[in-house]
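*Asks:* A predicted structure for the sequence below; I have some questions about it.
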Amino acid sequence: MCVLCGALWTEQHWAEVAADERSESPDGTVALEVHVDRRGQRLRDRARRAQLISAVFAGYGLQYQDWEGSSYIVRDAKGNTAIAPDLAALLPAAEKILGAPLDPLAPAFLDRVRARARTSGSAGSNSN
Amino acid sequence: MANDRSAIPILVISGFLGSGKTTLLRNLLDDPGAGEIAVIVNEFGEVGIDHHLVRKTDVRTTLLRNGCVCCSMRDDLSEALRHLLSQRERGTIPHFERVVIETTGLADPAPILHTIVAEPIVRNHFRVDRVVATIDAVSGASNLDSYGEALRQVAAADHVIMTKLDLATPGVTEELKARLRSINPAATVVEASFGNIDFAPLFGEESQRDGVGFGQRGEVSLTVNGDLVAPAAVHAVNGRVASRCLVFDRPLNWQMFGIWLTMLLHRHGDRVLRLKGLLNVGEARGPLLVEGVQHVIHVPRHLREWPDADRRSRIVFIARDLDLDQVETSLEAFQDLAEV
């Protein structure tokens, strides 16, 4: 639970769980130093993911922001804003703002992704 | 949180109506290697005869009420699992080492798997060990033609068990076997008559390791009967379902792969019947294992080592009405974006 906003989150999206984050001990506990070490990695992973999501969402004209490492904020150029706790919830929120489905197979969208890959010097230049 | 070693393994037995699930289950419970098992079964139809057959085996059986284990009944399944766990911990039932869930013939396996890997309490105490689908050698082909459920069950399976071989001609059997392998090249096809098979692969200790099972399988085969599945071969089944192994020479950016797959499944998850992949994410250690059924993705994990000398990423997709060329193109474009 987030003590600031009172949100209770019991789910963690699979793409946001590091593959080696699972405990190896029989009772499932994690040593404190391991936890602290992974916390740093989790934040670095999240920051990188934020860059990449921003680069992808730019193909839809959406802007993305990682809020305090705990939520995703997506907005359009008109200022419409939505907040989502994880990647899975982010997509419906973005579609609601966009008013259209996010289809990673749509040829027009892929053209924009390729164009951005060719021209952009750094993915996620819109992040934060 | 329970880890893979301490979590109670679950064997899911699916299969279309009349395909021999209950016969298989009865023989499995009689198998000396099965160990202590708790069984969860469905009652479908007026008589619930499956329930009575299983009860005769005198194992700890939980009957799910109100019909089948599908989307609307996931709460019943999680409740049944939590109840079993509670009873075991309190000692009101004998200790059991694993759970077998026998689904109804009309059940889609995805919601069942989703319940086990996503329900907050269940996922901390149980893990999906294997998904088995039975298919009737006599009427299996027509069921695959006519019923999407039969197709989804085969696509989701780690092991497909062909039953009633004694009633089918060798030609029909071989034809069905080839078709099963084209639908799900990642599954092993096992032959059974009167429900008699070697159950060791379903309960072997290998399942505790990298080896096998939903989220556990350590191999993604690039070949079917010696023929390369990827990347040019496309197997059209029913004119709608295709399976294919996508191969990528360069290491994949894991973060972008996660974003891409999440978007793909969000939009097209009901058409991705199954995916299973070993990913090279540019690390010196073993591959990253990704496995999913429809919208349900198991938490990815690193395997200790690659199964062979090939270090390329490979992902087997089984999809319905989905252009797998476009899937590959899309993943390439997303990866290009991650590299700039």
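*Replies:* That came through fine. Numbers count the residues shown, from 1 in each chain, chains lettered A, B, ... in the order given.
*Asks:* could you report the separation of the residue in chain A that chain B sits nearest to from residue B:261?
*Replies:* Among the residues of chain A, residue A:15 lies nearest to chain B; the distance is 2.9 Å by C-beta to the nearest C-beta. C-beta: built from backbone N, CA, C; applies to glycine. Spatial separation of residue A:15 from residue B:261 under the definition C-beta to C-beta, to the nearest Å is 7 Å.
*Asks:* buried set for the helix ranked longest in chain A?
*Replies:* For chain A, the longest helix by residue count, based on DSSP state H, is helix A:32-57. By neighbour count, with 16 or more other C-beta atoms under 10 Å in any protein chain shown as the criterion, the buried positions of helix A:32-57 are A:42, A:45, A:48-57.
*Asks:* ok, now stretch B:323-340?
*Replies:* Along stretch B:323-340, these residues count as buried under the neighbour rule (16+ other C-beta under 10 Å): B:324, B:327-328, B:330-338.
*Asks:* ok, now stretch B:245-265?
*Replies:* Residues of stretch B:245-265 classed as buried: B:245-248, B:252-265 (neighbour count, 16+ other C-beta under 10 Å).
*Asks:* in strands, which of those fall?
*Replies:* Using DSSP state E to define strands, the subset of the buried residues of stretch B:245-265 located there is B:245-248.
*Asks:* from those, pick the one nearest residue A:113.
*Replies:* Within those, the smallest distance to residue A:113 is 16.8 Å, found for residue B:248 (C-beta to C-beta).
*Asks:* just checking, the closest one touches residue B:313?
*Replies:* Yes: using C-beta atoms under 8 Å as the test, residue B:248 is close enough to residue B:313 to be in contact (4.3 Å).
*Asks:* shared neighbours, the two?
*Replies:* With contacts taken as C-beta atoms under 8 Å, 6 or more residues apart in numbering or on different chains, residue B:248 and residue B:313 have residue B:280 as neighbours in common.
*Asks:* can you list the low-confidence ranges for chain A?
*Replies:* A:1-12, A:17-38, A:121-128 (pLDDT under 70).
*Asks:* related to what we said a few turns ago, may I see the buried residues of stretch B:323-340 organised as JSON lines, with distance to chain A added?
*Replies:* Below are those laid out as JSON lines (distance: C-beta to the nearest C-beta, whole Å):
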{"residue": "B:324", "distance to chain A": "10"}
{"residue": "B:327", "distance to chain A": "7"}
{"residue": "B:328", "distance to chain A": "10"}
{"residue": "B:330", "distance to chain A": "5"}
{"residue": "B:331", "distance to chain A": "9"}
{"residue": "B:332", "distance to chain A": "9"}
{"residue": "B:333", "distance to chain A": "5"}
{"residue": "B:334", "distance to chain A": "7"}
{"residue": "B:335", "distance to chain A": "9"}
{"residue": "B:336", "distance to chain A": "4"}
{"residue": "B:337", "distance to chain A": "4"}
{"residue": "B:338", "distance to chain A": "6"}
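*Asks:* nearest to residue B:28, of the residues you listed?
*Replies:* When the buried residues of stretch B:323-340 are compared for distance to residue B:28, the smallest value, 35.2 Å, is given by residue B:324; criterion: C-beta to C-beta.
*Asks:* just to be sure, residue B:127 is in a strand?
*Replies:* Yes: the assignment for residue B:127 by DSSP: H, G, I helix; E, B strand; the rest coil puts it in a strand.
*Asks:* for stretch B:88-100, buried residues please.
*Replies:* B:88, B:96, B:98-100.
*Asks:* and stretch B:283-301, by the same measure?
*Replies:* Those buried within stretch B:283-301 under the rule 16+ other C-beta under 10 Å are B:286-301.
*Asks:* got it, and stretch A:107-123?
*Replies:* Of the residues in stretch A:107-123, those buried (16+ other C-beta under 10 Å) are A:109-110, A:112-114, A:116-117, A:123.
*Asks:* run through the strands of chain A in chain order.
*Replies:* In chain A, the segments counted as strands under DSSP E are A:63-67, A:71-75, A:81-84.
*Asks:* related to what we said a few turns ago, restricted to helices, list the buried residues of stretch B:88-100.
*Replies:* Checked against DSSP H, the buried residues of stretch B:88-100 include these in helices: residue B:88.
*Asks:* check the buried residues of stretch B:88-100 against chain A, which are close?
*Replies:* With respect to chain A, and counting by C-beta under 8 Å from any C-beta of the partner chain, no part of the buried residues of stretch B:88-100 is in contact.
*Asks:* now render the buried residues of stretch B:88-100 as TSV, adding pLDDT and distance to residue B:184.
*Replies:* Supplementary listing: these in TSV, determined by pLDDT from 0 to 100; distance: C-beta to C-beta, whole Å:
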residue	pLDDT	distance to residue B:184
B:88	86	34
B:96	84	30
B:98	85	24
B:99	88	24
B:100	88	21
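*Asks:* looking at the buried residues of stretch B:88-100, which are in strands?
*Replies:* Counting by DSSP E, the part of those found in strands is B:98-100.
*Asks:* which of those sits closest to residue A:81?
*Replies:* In terms of C-beta to C-beta, no member of these lies closer to residue A:81 than residue B:99, at 44.7 Å.
*Asks:* fine by me, we can end here.
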